[in-house]
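Undergrad: generate a structure from the sequence data that follows.
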Amino acid sequence: MSAPPTTPVLRTVSSMRRFRSTLPGSVSLVPTMGMLHSGHMSLIRLAAEQTDSIVISIYANPTQLATAEERASYPATLEADVAALERLDDELRRDGAARIKAVFAPTDEEMYPYLDSTDVASGLGAFVTISPLAGRLEGADQPAHFNGVATVCLKLFNAVKPHKAYFGEKDFQQTVVIRRLVQDFLVDTDVVVGETVREDDGLALSSRNAYLGSRRRKVATVLWRALCAAAKIYQDGETRRGEILACSLTEAKREQSLQEQMNGCDRARFEILYLELSDLDSMEDVERVNPRKGALLSGAIRMLPLEAATGAENSGLRNGADWIRLIDSIVLRPTRGL
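TA: Alright, predicted model coming up:
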């Protein structure tokens with residue numbers, strides 16, 4: 001029988017605020033939606049280097065999940081996540097770093113008291129809108145997504161009052177939205193962005209990867225490969241939007257063609273949602289990269305449900321039946337001094 005967790009798990013805003021009032025020194029927040037992986041742990045380690053106390057929020061925010069099916073199927077992994085945090089906390093204490101002080105895992109009723117859980121799109125209650133930034137790239141395909149992200153982050157910041165909040169660079173547009181939120185609403189929190197953590201083959205760590213299974217997992221690296229191909233010609237001196245994105249699209253379409261030639265039991269089909277070259281601050285399209293500033297190269301694909309799964313293969317959560325949206329990005333760094 002496992003020992004009960006020693007890290008407090010706080011389920012209400014009032015209990016979080018009471019606990020926060022007891023924390024001395026600098027406090028950091030690492031917001032998550034659960035299903036913790038090494039990418040989350042790298043952000044926590046970064047927070048441990050920079051602050052005295054760490055609060056981890058675990059909340060599958062319904063207003064940023066695209067569909068009712070996705071909200072209903074999002075795994076509840078709180079017990080396993082807390083156990084993983086306990087192990088990391090032991091490691092941090094041995095290293096003399098900051099300790100994980102609490103897990104903030106609020107309920108939907110606490111976070112959205114007026115929201116109809118069966119109709120998130122109804123918009124009942126107060127929501128944050130950051131325009132036009134939130135309507136570009138990811139926001140163009142999922143119009144309410146960043147409203148949900150900005151709203152839940154403002155709620156978390158108000159509940160925890162962190163000096164620093166930590167986010168991953170993989171969701172680059174999200175970090176820009178949150179920085180704009182902090183600036184425009186005068187939130188006394190520094191936004192810290194940690195590097196993307198990747199598997200050996202380049203796939204960015206994401207909670208969504210658990211849905212892929214082995215076959216789709218192998219093909220999902222196409223997005224990273226497509227971005228890397230474009231990043232290489234930029235490093236070789238190409239700055240024109242059309243040429244950079246054409247290189248990326250060619251790599252993605254090559255993999256699409258290979259998959260289409262296979263039979264249904266072997267292939268993993270996907271759709272290219274977008275490949276874009278954007279300004280690092282506004283997310284507006286960039287026609288030519290300023291080598292003194294750089295730009296954001298980003299993309300999204302949708303892994304399609306498996307057409308047929310063999311009994312022996314790992315087909316991921318929900319048996320390969322879901323459409324899985326994957327995003328990734330590369331910051332094209334300046335190649336000349338400012």
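
Undergrad: hey, where'd the strands end up in this structure?
TA: Using DSSP state E, the strands found in the chain span residues 9-10, 27-32, 53-58, 99-104, 164-168, 190-194, 270-278, 295-303, 324-332.

Undergrad: which one of the ones you listed lies nearest to A134?
TA: Of all the strands of the chain, strand 270-278 sits nearest to A134, with 13.5 Å by CB to CB. Heads up, the C-betas are built off the backbone N, CA and C, glycines and all.

Undergrad: a markdown table please, covering the strands of the chain and showing mean neighbour count.
TA: Listed next are those as a markdown table, based on neighbours: other CB atoms under 10 Å:
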| stretch | mean neighbour count |
| --- | --- |
| strand 9-10 | 20 |
| strand 27-32 | 25 |
| strand 53-58 | 26 |
| strand 99-104 | 22 |
| strand 164-168 | 22 |
| strand 190-194 | 18 |
| strand 270-278 | 19 |
| strand 295-303 | 23 |
| strand 324-332 | 22 |
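
Undergrad: ok, which of those comes nearest A210?
TA: Of the strands of the chain, nearest to A210 by CB to CB is strand 324-332, at 9.6 Å.

Undergrad: re the thing from before, I'd like the strands of the chain laid out as CSV, including distance to E79 and mean pLDDT.
TA: Shown next, in CSV, are these (distance: least, CB to CB, whole Å; pLDDT from 0 to 100):
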stretch, distance to E79, mean pLDDT
strand 9-10, 9, 98
strand 27-32, 15, 98
strand 53-58, 11, 98
strand 99-104, 11, 96
strand 164-168, 23, 98
strand 190-194, 25, 98
strand 270-278, 33, 97
strand 295-303, 28, 97
strand 324-332, 24, 96
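
Undergrad: now tabulate those in TSV and tack on distance to R18.
TA: Output for these, formatted as TSV (distance: least, CB to CB, whole Å):
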stretch	distance to R18
strand 9-10	9
strand 27-32	14
strand 53-58	13
strand 99-104	11
strand 164-168	20
strand 190-194	24
strand 270-278	42
strand 295-303	41
strand 324-332	37
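
Undergrad: right, so of these, which gets closest to T221?
TA: Among those, strand 324-332 comes nearest to T221, with 9.7 Å by CB to CB.

Undergrad: hang on, M111 packs against Y59?
TA: Yes: under the criterion of CB atoms under 8 Å, M111 makes contact with Y59 at 6.8 Å.

Undergrad: find the residues that touch each one of the two.
TA: Listed as contacting both M111 and Y59 by CB atoms under 8 Å, 6 or more residues apart in numbering are V152.

Undergrad: stretch 182-190: how far from the chain's middle?
TA: 20 Å (CA atoms, centre = their mean, to the nearest Å).

Undergrad: please list all residues in contact with the residue positioned nearest the centre of the chain.
TA: For the chain, D171 is the residue whose C-alpha lies nearest the centre (CA atoms, centre = their mean; 4.8 Å). Each residue near D171 by CB under 8 Å, 6+ apart is listed here: I327.

Undergrad: lowest-pLDDT helix or strand in the protein?
TA: One helix or strand of the chain scores below all others by mean pLDDT, DSSP states H and E: helix 68-73, with a mean of 58.

Undergrad: beta partners of the closest residue to F104 other than its chain neighbours?
TA: Once flanking residues are discounted, F104 sits nearest to S57: 4.4 Å by CB to CB, 6 or more residues apart in numbering. Residues in a beta bridge with S57, per DSSP bridges, are P31, F104.

Undergrad: next, the buried residues of stretch 163-182.
TA: Within stretch 163-182, the residues scored as buried using 16 or more other CB atoms under 10 Å are 163-182.

Undergrad: in helices, which of those residues fall?
TA: If you go by DSSP state H, the buried residues of stretch 163-182 have 172-182 in helices.
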